[in-house]
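**Q** Prediction below, plus the sequence it came from.
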Amino acid sequence: MSCSKFKSCPQCGYKIEGFKIKCPRCNKVLLKKCSECNGCKLNIKDFKKK
Amino acid sequence: MNCCDISHQIDIPKGAKKIVLAGNPNVGKSIFFNYLTGIYVDVSNFPGTTLDISHGKFNKDVIIDTPGVYGVSSFNDEEIVARDTIAQADIVINIVDSTHLERDLFLTQQIIDMGIPVIVALNMMDESRERGLNIDVDKLSKELGVEIIPTVATKQKGLKNVKEKIYEAKKGNKSLKLNDKLKEIKDKTNNERDSLLILEGDENISKKHDIKPLNYREEVYKQRRIRIDEIIKNVINIKESESKFKSKLSRLMIKPITGIPLLLGFLYLIYKFIGVFVAQTVVGLTEETFFAEMYEPFIKGFVGNYLDITSLFGKLLVGEFGILTMTITYTFGLLLPLVVGFYLCLSILEDSGYLPRIATLVDRLLNKIGLNGRAIIPMLLGFGCVTMATITTRLLGSKREKIIAIFLLGLAIPCSAQIGVIAGLIAPLGAKYFIIYLATLFIVYVLAGTFLNKVLPGESSDLLIDLPPLRLPKIKNILMKTYIKSKSFVKEAGPIFLIGAIVITVMKEVGFLNYIQNLVAPITVNWLGLPKEASTAFIMGIVRRDFGAAGLNSLTMTPIQTTVSLITITLFVPCIAAMMIILKERNTKESLGIWFGSWIAAFLTGGIVFRLLS
């Protein structure tokens, strides 16, 4: 999965690998809804469940 | 290896311990540094105040302040500086924002995982209480295995406790489960701290030990995040009670429909204070009444007692561009009151937490010229001093954003001293010319930004900024900041003015000034429609733009000429000090591009405005 909007966290600069809803380092919320992403076919809720 | 060694930057006495202040951006590290060392470094209520390392003595040891970072790694320049400093620390004082514990503890846990002795100052305890966050400090201390000291640094609460407990710092409870891998690297490097960074894939540290970086960053970070989330669950109890007025005001500041009128109102107040009260009333007293009518006749008479004031040396001292006449009058009578007035306003803006809210408000507008809202911070600081603002462009995410911001700063943002002179010259001409001046600068700003946004490769980054709480600024901090910055203005500008005055006097005496005036007359007289003598102001403007603008003060010009000359000098080349910083921040090619670009933009715009007005 590499369709997330950010290649790096806009707050702390952490290089994002794969799909991230929150930055693992500074805990910044990166995506709040699916439309903010560039086209991942899955739903954010599914990731949250995982 | 120089890349990872701070000893070539800081003079550390033999046997002295390196006590490092570390923490996320905008947590109050600089207040701790000021308290522990007695040395003043800038303190503001927005992220990124500290962009370099400062150091000072503490007993026989050395305290080192670092830029705010979210983790020990090398994702940007500030992190590299902080990483090298933290990795070599004997003790770390980790400042943690108690209102953002889940964010800040990542760095704390990483420092603990590196095996560095640490004490934690749990700062902003008043604000976390206000927000209804109940933090069990003893439990947090047990979970992390280190001393935790609650503090409210802005009110000096708990700082004494921190000072007394520095040497009680100890290694805490590690969170890592990859101990086998870590041991493997440690056997090769013999350095626990570097081993962890290599495990996390830090290329610079790996290169230092000639080891291939490992790719366990995601796993290590995930483990650490899970551990922190567990700790947070155990130590925080939330009761909803955030100040309703502050959160309502904060929302009003961000929404365009209310935020723009609020911003315009604030800017109008600043204009009234600096442009009307300081530029006219205060400067009228200092420049005209005190310096021009009292000081200058006195100093001319005094010097005249000892030497011939019509000689070259006499003119250098008390002539038209004399060191003791024009330089002193411009610096202390004209520019200093304006600089003090501006820094007072800017300090209020910085300390109240309004600045990041303005960034959010103008984000969409700045997107059109390839910047995001964060760029408003250097832009507003540029109205204070372009040199200082150029350094803060490091806050911006990409190279193209930095180039656009630096060019626009150098081109269309007048510094505080220049604003004051301009306000004083244009206010008597009436609203029409003031609007022409502002509109021209705005058009040039937007056109230059749009052009650079089109031609520069790459993409601009999105704005995601932490909004600090709104605070009532502390008068002591505002006065201290204004004093320090104004003092540094005199220290920086004084010698440059002095050299400028000597050069201009010598040029005038040997006839070179007249030669240049004639040489550039086709531009100043024919193209810009200004008197021949205006070229002297531009020569002075190469040294400093405010010096040049002040030079226009002594010319007799029509309203159109005044407006054209002020537009041209505002858009003119950045001053020498700003150019030195631009050279440091960017490469020679880009710096020269900015310098020559400003020449072209200034004279082209000035000429067009002259033709349109006449």
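**A** Looks like it arrived, so ask away.

**Q** Which residue is it, in the stretch 501-614 of chain B, that comes closest to chain A?
**A** B:Glu585 (18.0 Å; Cβ to the nearest Cβ). To be clear about C-beta, it is placed using only N, CA and C from the backbone, and glycine gets the same treatment.

**Q** Distance of that residue relative to B:Leu395?
**A** Noted for B:Glu585: a distance of 12 Å to B:Leu395, by Cβ to Cβ, to the nearest Å.

**Q** where does the stretch 401-550 of chain B dip in pLDDT?
**A** Low-confidence segments of the stretch 401-550 of chain B (pLDDT under 70): B:464.

**Q** Show me the helices in it, by range?
**A** B:416-426, B:431-455, B:475-509, B:512-519, B:521, B:534-543, B:545-552 (DSSP state H, counting those that start in this stretch).

**Q** So which of B:Glu585 and B:Leu395 has more stuff around it?
**A** B:Leu395 (22 against 16; other Cβ atoms under 10 Å in any protein chain shown).

**Q** what's the pLDDT at residue 22?
**A** You didn't say which chain, so I picked chain A. Here the pLDDT value assigned to A:Lys22 is 82.

**Q** not what I meant, chain B
**A** 95.

**Q** The one 10 residues further on now?
**A** Note for B:Phe32: predicted pLDDT of 93.

**Q** one step back: tell me the most buried of the helices of the stretch 401-550 of chain B?
**A** helix B:545-552 (a mean of 28; mean count of other Cβ atoms under 10 Å in any protein chain shown).

**Q** Could you identify the helix or strand that succeeds that helix?
**A** Next along the chain after helix B:545-552, taking DSSP states H and E as the criterion, comes helix B:559-571.

**Q** Please identify the buried residues of that next one?
**A** B:Ile560, B:Gln561, B:Thr562, B:Thr563, B:Val564, B:Ser565, B:Leu566, B:Ile567, B:Thr568, B:Ile569, B:Thr570, B:Leu571 (16 or more other Cβ atoms under 10 Å in any protein chain shown).

**Q** hang on, the earlier thing: just so I know, which of the helices of the stretch 401-550 of chain B lies nearest B:Ile369?
**A** helix B:431-455 (2.8 Å; Cβ to Cβ).

**Q** Show me what that closest one is packed against.
**A** Under the contact criterion of 3 or more Cβ pairs under 8 Å, 6 or more residues apart in numbering or on different chains; DSSP states H and E, helix B:431-455 touches helix B:399-412, helix B:416-426, helix B:559-571, helix B:588-613.

**Q** Out of the ones you listed, which gets nearest to B:Leu452?
**A** Across those, B:Leu452 has its closest neighbour in helix B:399-412 (4.7 Å, Cβ to Cβ).

**Q** Is the closest one in proximity to chain A?
**A** No: with Cβ under 8 Å from any Cβ of the partner chain as the criterion, chain A is not reached by helix B:399-412; the gap is at least 11.9 Å.

**Q** Model confidence score at B:Ser398, please.
**A** B:Ser398 carries a pLDDT score of 77 in this model.

**Q** what do you get for A:Lys32?
**A** 69.

**Q** go on, B:Met1?
**A** For B:Met1, the predicted pLDDT is 41.

**Q** Same question for B:Ile91.
**A** Here, the pLDDT recorded for B:Ile91 equals 96.

**Q** Now for it: which residues touch it?
**A** B:Ile91 makes contacts with B:Lys17, B:Lys18, B:Ile19, B:Val20, B:Ile116, B:Pro117, B:Val118, B:Ile119, B:Ile166, B:Tyr167, B:Ala169, as judged by Cβ atoms under 8 Å, 6 or more residues apart in numbering or on different chains.
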